[in-house]
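A.B. asks: Return a 3D structure for these sequence lines:
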Amino acid sequence: MERITTILIAIMMATVSLAGCSGDDSGYEDTISSMEQDAIADQAMMAALNATISTLTVDLETLGTQITGLDSQIADLQTEIESLSLQNSTKTNQIELMTLNMTTLVNAKALLEAQALVLDSEKALLEAQVSSLTASNQDAATDIAELQALSSQLNQTIQQLESTISDMENSGSSISSTLDTIIARGSMKCGIKESQYGMGYLDPDTGVRSGLDISYCRALAAAIGLNPDTDVEYIPASGSQRFVMLNEETIDVLIRTTTWTASRDAALDADYAAVNFYDGQAVIVRQDVYDSASAGNSVTGIDGANICVGLGTTSEGNLQGYFDTHGIEFYSYAVNDYSEALSKLKDGSCDAWTGDASAMIAQKWMLENSDDHEDWRDSDDYTDLWVAVELLSKEPLAAATRDYDTEWNEIVSWVWYGVVTAEELGVTSGNYDTIDYSCNPGDSNYNLWICRLLTQDFGLGTEDNPLSSTWMQDVLEAVGNYGEMYDDAFCDGSYDGVSGSDAMTGCLLSRSGTLNALVSEGGIQYAPSMR
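C.D. replies: Just a heads-up that it's a prediction; the model follows:
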């Protein structure tokens with residue numbers, strides 16, 4: 001546009017210049033004509049240019065409009081960019097958070113995988129336990145089936161018993177105490193032994209019975225009002241048959257060197273009473289088979305011995321257990337009673353004999369001193385005897401009654417406790433009726449314990465047959481106190497009943513220093529309080 005304007009100004013100046021000149025203008029006319037033509041051409045060019053300019057102006061306006069639109073789009077895009085930038089920042093934070101979460105999850109995964117390994121191991125153990133429990137459950141199921149069958153049988157038995165009881169109640173019958181049966185019969189049947197000197201012995205020459213068990217039977221008879229000399233029937237009870245005899249009521253009470261054990265108490269329908277002698281199992285040995293010095297007076301020195309032992313006695317199990325425990329070989333020779341054992345020991349069929357220590361000592365004394373064995377002492381079978389130093393067991397010897405006969409069992413027990421208490425108090429067969437005591441608390445000679453012992457029945461007995469209030473006076477008159485009974489059984493019978501074990505003389509088996517001494521002397525013979 002500026003170029004066109006410049007051209008027009010130049011033409012005008014030339015025209016003015018030419019108009020002022022006079023003279024030769026022929027030359028200029030050509031020039032002017034040329035210039036006019038040029039101007040016309042320029043004008044045409046200008047027109048074209050103006051048209052172009054106009055077009056360009058329109059185009060510029062269009063472009064301006066487009067630029068404005070583009071500016072608006074750019075602004076919108078910048079807004080979107082800013083929004084996207086903000087979103088991108090948020091996304092970046094989210095990505096970082098997700099990355100952190102992913103790291104945490106990876107660590108958690110590793111931990112869970114480790115836990116999974118542990119759980120797999122525990123699972124294997126539990127599966128093994130389940131397998132074991134399954135097997136146990138199968139066994140238990142079998143046991144349950146057997147128990148259910150047994151339960152069914154027991155229920156039938158119970159129903160039968162209930163029916164029997166009902167029949168008995170309806171018929172008016174009742175189960176009486178052994179005490180009532182004895183009183184009605186007028187005599188007492190005492191299961192005893194006849195072959196053990198000191199406990200239960202029958203002299204074949206005189207027919208006189210003696211021993212601690214025999215005195216116990218006599219004391220019991222006196223306590224319930226019987227005559228101990230005429231109203232006691234002594235019935236020999238072998239080791240294998242004694243409990244059968246008790247259960248079948250062949251005997252009323254068993255007082256026969258019987259060891260109190262858990263299995264007997266539970267399984268033999270017997271109820272033990274007081275322990276009248278604390279014994280232990282010993283072994284008596286033939287000197288000609290096993291020299292005592294070489295054996296060291298010990299059972300360990302009689303390896304391989306043939307030993308007599310009572311059939312059905314606790315001695316059988318004790319012998320087996322003790323010798324097996326100490327690695328001692330032996331051969332058991334079962335015998336039915338003392339007489340057979342004694343015979344086998346004398347003729348050498350048995351190298352040794354085992355039983356209660358009190359019995360072994362008594363038999364040794366009798367074999368060496370009694371006229372009954374003089375023929376043996378003069379025979380080729382004779383030999384010295386020795387008793388091994390070991391005690392193979394504890395043997396608390398006690399009386400026994402039938403199960404579920406409480407009133408009778410209480411009397412059997414308290415007769416023994418009464419004679420022990422009497423010795424503790426200094427009451428004897430010789431002074432029970434003359435001892436200076438009073439039952440009046442206001443008197444100077446008041447003695448509550450003696451008063452109870454000699455004048456109270458403590459509710460013992462049955463409703464139909466209670467003991468008399470002076471039952472212990474009857475006992476003391478018949479057998480004396482415990483010390484007197486022991487002295488009569490094992491010593492020379494001269495004990496005064498009050499001076500203690502050391503005052504007993506001529507004893508086959510001394511009480512001093514043994515378990516059978518009173519508690520006051522270091523033993524364990526002790527009576528519950530009589531009140």
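A.B. asks: Quick one: the helices in the stretch 51-200 of the chain, in order.
C.D. replies: 178-185 (DSSP state H, counting those that start in this stretch).
A.B. asks: neighbours of residue 432, just the number please.
C.D. replies: 22 (other CB atoms under 10 Å). Any C-beta I mention is one placed from the backbone N, CA and C, and that applies to glycine too.
A.B. asks: ok, it - contacts?
C.D. replies: 422, 454, 472-473, 476-477 (CB atoms under 8 Å, 6 or more residues apart in numbering).
A.B. asks: Can you tell me which of those residues has the largest number of neighbours?
C.D. replies: So for the contacts of residue 432 (other CB under 10 Å), the most neighbours sit at residue 472, 30 neighbours.
A.B. asks: Not counting sequence-adjacent ones, nearest residue to that residue?
C.D. replies: Among residues not flanking residue 472 along the chain, residue 418 sits closest, at 4.9 Å (CB to CB, 6 or more residues apart in numbering).
A.B. asks: Am I right that that neighbour is in a helix?
C.D. replies: Yes: under DSSP: H, G, I helix; E, B strand; the rest coil, residue 418 falls within a helix.
A.B. asks: how about the helices in the stretch 201-350 of the chain?
C.D. replies: Assigned by DSSP H, counting those that start in this stretch, the stretch 201-350 of the chain shows helices spanning 212-223, 242-247, 262-267, 292-295, 314-325, 338-347.
A.B. asks: For stretch 71-81, what is the distance to the chain centroid?
C.D. replies: Here stretch 71-81 shows a centroid-to-chain-centroid distance of 91 Å under the convention CA atoms, centre = their mean, to the nearest Å.
A.B. asks: Deepest in the core, which of the helices of the stretch 201-350 of the chain is it.
C.D. replies: Comparing the helices of the stretch 201-350 of the chain by mean neighbour count (mean count of other CB atoms under 10 Å), helix 212-223 comes out on top with a mean of 26.
A.B. asks: Run the angle between that one and helix 178-185 for me.
C.D. replies: 70 degrees (axes from the mean of the first three to the mean of the last three CA atoms, to 10 degrees).
A.B. asks: Need the contact partners of helix 212-223.
C.D. replies: Outside helix 212-223, the residues that touch it by CB under 8 Å, 6+ apart are 188, 190, 192-193, 198-201, 227-228, 231-232, 234, 253, 255-257, 276-277, 399, 411-412, 415-416, 418-419, 467, 471-472, 474-475, 477-479, 485-486, 488-490.
A.B. asks: and those, which are buried?
C.D. replies: Among those, the ones that count as buried by 16 or more other CB atoms under 10 Å are 188, 190, 192-193, 198-201, 228, 231-232, 234, 253, 255-257, 276-277, 399, 411-412, 415-416, 418-419, 467, 471-472, 474-475, 478-479, 485-486, 488-490.
A.B. asks: for this structure, where's the lowest mean pLDDT among helices and strands?
C.D. replies: helix 2-19 (a mean of 52; mean pLDDT, DSSP states H and E).
A.B. asks: Tell me how far the closest residue in space to residue 282 that isn't next to it in sequence lies from residue 160.
C.D. replies: Closest residue in space to residue 282, ignoring its immediate chain neighbours: residue 357 at 3.8 Å, by CB to CB, 6+ apart. Distance of residue 357 to residue 160, given as CB to CB, to the nearest Å: 47 Å.
A.B. asks: who has more neighbours, the two?
C.D. replies: residue 357 (22 against 10).
A.B. asks: which SS class is the nearest residue to residue 409 once chain neighbours are set aside?
C.D. replies: Distances taken as CB to CB, 6+ apart place residue 401 nearest to residue 409, at 4.5 Å, with adjacent residues excluded. Local secondary structure at residue 401 is given as strand here, using three-state DSSP.
A.B. asks: Would you check that residue 401 makes contact with residue 178?
C.D. replies: Yes: under the criterion of CB atoms under 8 Å, residue 401 makes contact with residue 178 at 6.7 Å.
A.B. asks: ok, the closest residue to residue 336 other than its chain neighbours - contacts?
C.D. replies: In space, residue 336 comes closest to residue 311 once its chain neighbours are excluded; the distance is 5.6 Å by CB to CB, 6+ apart. Contact partners of residue 311, counting by CB under 8 Å, 6+ apart, are 239-240, 334-336.
A.B. asks: Residue 458: neighbouring residues, count only.
C.D. replies: Counted with other CB under 10 Å, the neighbours of residue 458 add up to 15.
A.B. asks: Contact partners for it?
C.D. replies: With CB under 8 Å, 6+ apart, residue 458 has these contacts: 414, 452, 530-531.
A.B. asks: Those residues in helices, which ones?
C.D. replies: 414, 452 (DSSP state H).
A.B. asks: Go through the helices of the stretch 201-350 of the chain and name the closest to residue 520.
C.D. replies: helix 212-223 (19.8 Å; CB to CB).
A.B. asks: for the record, mean pLDDT for the closest one?
C.D. replies: On average, the pLDDT along helix 212-223 is 99.
A.B. asks: quick one: buried residues of stretch 510-529?
C.D. replies: Neighbour-count burial for stretch 510-529 [16+ other CB under 10 Å]: 510-511, 514-518, 523, 525, 527.
A.B. asks: Mind putting the residues you listed into JSON lines with secondary structure, pLDDT and distance to residue 68?
C.D. replies: Output for the buried residues of stretch 510-529, formatted as JSON lines (DSSP: H, G, I helix; E, B strand; the rest coil; pLDDT from 0 to 100; distance: CB to CB, whole Å):
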{"residue": "510", "secondary structure": "coil", "pLDDT": "89", "distance to residue 68": "143"}
{"residue": "511", "secondary structure": "coil", "pLDDT": "93", "distance to residue 68": "140"}
{"residue": "514", "secondary structure": "coil", "pLDDT": "91", "distance to residue 68": "136"}
{"residue": "515", "secondary structure": "coil", "pLDDT": "94", "distance to residue 68": "131"}
{"residue": "516", "secondary structure": "coil", "pLDDT": "96", "distance to residue 68": "136"}
{"residue": "517", "secondary structure": "coil", "pLDDT": "96", "distance to residue 68": "136"}
{"residue": "518", "secondary structure": "strand", "pLDDT": "97", "distance to residue 68": "136"}
{"residue": "523", "secondary structure": "coil", "pLDDT": "95", "distance to residue 68": "133"}
{"residue": "525", "secondary structure": "strand", "pLDDT": "97", "distance to residue 68": "134"}
{"residue": "527", "secondary structure": "coil", "pLDDT": "96", "distance to residue 68": "132"}
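A.B. asks: Any chance of TSV for these, columns distance to residue 210?
C.D. replies: Shown next, in TSV, are the buried residues of stretch 510-529 (distance: CB to CB, whole Å):
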residue	distance to residue 210
510	18
511	16
514	20
515	22
516	17
517	21
518	22
523	22
525	20
527	24
